[in-house]
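> A predicted structure for the sequence below; I have some questions about it.
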Amino acid sequence: MAGVDWESLTEATSGAVGALVSTTVLYPLDTCKTKYQAEVRSHGRQKYRNLSDVLWEAISTRQVLSLYQGLGTKNLQSFISQFVYFYGYSYFKRLYLKKSGAKSVGTKANLVVAAAAGACTVIITQPLDTASSRMQTSAFGKSKGLLKTLSEGSWSDAYGGLGVSLLLTSNPSIQYTVFDQLKRRLLKRRQSNKVAPATAKSSPEALSAFSAFVLGAISKSVATILTYPAIRCKVMIQASDSHDGSKKDGPSRPPQTMIGALLAIWKKEGIPGFFKGLQAQILKTVLSSALLLMIKEKISRYTWISMLALRRYLLVSQRRIKTI
């Protein structure tokens, strides 16, 4: 059991649980946002003029439950991606500190560590990400299951938008770097006002729910604004062929590359198109990220205690086996 990084495992588990809850709570908003982002104005016409049009379509066609289409796949993708990300982020950060001998991770090193963790996450979860985007952008009531969605194309299709996704590892890199730096300064200020008793194995200090929510909102807003054009390109590449549900002009094939998506936006919508849906993206991602980090911070202490209890149980079991 000595080879298990329990602190990284605690971070990963807390982050994954937080992602699961936040994804479920905000999923209808995520579906509306994704369908709105995926549509490109054609011949001056636009089905969704704003985010509320997507919601009204679901209500008017009595397909409100379709706002949850692909929820299972999205939850699976969110849980796995956040677990892998938080484990990788914590592991790489501890590895850097061990190899460099530094007492803390600087901003530049933090960006590199976060990018490495993000790249590992993207490669592992890209097929699930693509499938969930296709389900969300399918016409209401016509979404297919995970296996059927993935089986409709080749493995290269399942990894559609991988290049953009790797580029977007800068998003969580910026987010968690900003969050980590703000958290460190806040905790340092808090520690300067009180002297904590020295203990051999104390649980990691956590932020309050309100502090985690505010810092999460600020950090995600910064990351979203800086990377939004690439975010929209990724949604367009992964969108269902018939995401607008209209057959009048025939099925519209989504662009297959980032360059193709950028050209499509430029030709049909101009510069404002690169930021279409930015408000919806900020609303969803800020709420999701802030909720995720708030839950993660609140349960991290209990997760740490659970991990210590599990570690103790496994050590006792190992000793019993050796004595037999």
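Noted; the coordinates are in hand.
> rest of the way, CA atoms for contacts and neighbours
Will do.
> Name all residues that make contact with Ala261.
By CA atoms under 8 Å, 6 or more residues apart in numbering, the contact set of Ala261 is 233, 236-237, 255.
> hmm, try it at 6 Å
Applying CA atoms under 6 Å, 6 or more residues apart in numbering to Ala261 gives the contacts 233, 255.
> wait, is it part of a helix?
Yes - with DSSP: H, G, I helix; E, B strand; the rest coil as the criterion, Ala261 is assigned to a helix.
> so how far is Glu39 from it?
Noted for Ala261: a distance of 11 Å to Glu39, by CA to CA, to the nearest Å.
> in the stretch 151-300 of the chain, which segments are predicted with low confidence?
Scanning the stretch 151-300 of the chain for pLDDT under 70 picks out 194-206, 240-253.
> Report how many residues lie close to Asp180.
A count of nearby residues for Asp180, using other CA atoms under 10 Å, gives 18.
> ugh, typo on my part, it should be Gly270
Neighbour number of Gly270 under other CA under 10 Å is 13.
> Please report phi then psi for it.
Main-chain dihedrals, Gly270, degrees, to the nearest 10: phi 70, psi -170.
> Next one: it from Ala280, what distance?
From Gly270 to Ala280 the distance is 19 Å (CA to CA).
> ditto for Ile271
Between Ile271 and Ala280 the computed distance is 18 Å (CA to CA).
> Looks to me like Leu207 is in a strand.
No - Leu207 is assigned coil when assessed by three-state DSSP, not a strand.
> thinking Ser143 is in contact with Gln136, fair?
No - the pair Ser143 / Gln136 is not scored as a contact, 7.5 Å apart, by CA atoms under 6 Å.
> Spatially nearest residue to the residue nearest to the spatial centre of the chain, not counting backbone neighbours?
Note on the chain: the residue nearest the mean C-alpha position is Ser78, at 6.3 Å, using CA atoms, centre = their mean. Closest residue to Ser78 apart from its sequence neighbours, by CA to CA, 6 or more residues apart in numbering: Ala19 at 5.9 Å.
> burial count for that neighbour?
Ala19 has 27 nearby residues by other CA under 10 Å.
> what's the answer for Phe86, then?
24.
> Show me which of Ile271 and Ala280 is the more surrounded one.
Each of Ile271 and Ala280 has its neighbours counted (other CA under 10 Å); Ala280 has more, 19 against 12.
> Am I right that that one sits in a helix?
Yes - assessed with three-state DSSP, Ala280 lies in a helix.
> What residues does it make contact with?
Ala280 is in contact with Lys33, counting by CA under 6 Å, 6+ apart.
> if I look at it, how far off is Gln46?
Using CA to CA, Ala280 is found at 17 Å from Gln46.
> returning to that earlier point: more crowded one of Ser143 and Gln136?
Using other CA under 10 Å as the criterion, Ser143 and Gln136 rank with Gln136 on top: 31 against 19.
> Mind telling me what element the more buried one is part of?
Taking DSSP states H and E as the definition, one finds Gln136 inside helix 107-137.
> ok, now Ala212?
Per DSSP H and E: Ala212 is located in helix 209-238.
> helices or strands up against that helix?
Packing partners of helix 209-238 (3 or more CA pairs under 6 Å, 6 or more residues apart in numbering; DSSP states H and E): helix 170-192, helix 278-323.
> Redo those as TSV? Include distance to Gly106.
Below are those laid out as TSV (distance: least, CA to CA, whole Å):
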stretch	distance to Gly106
helix 170-192	9
helix 278-323	21
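> Ok, which of the ones you listed comes nearest Gly70?
Nearest of those to Gly70, taken as CA to CA: helix 278-323 at 16.9 Å.
> report the angle between the axes of the closest one and helix 170-192?
70 degrees (axes from the mean of the first three to the mean of the last three CA atoms, to 10 degrees).
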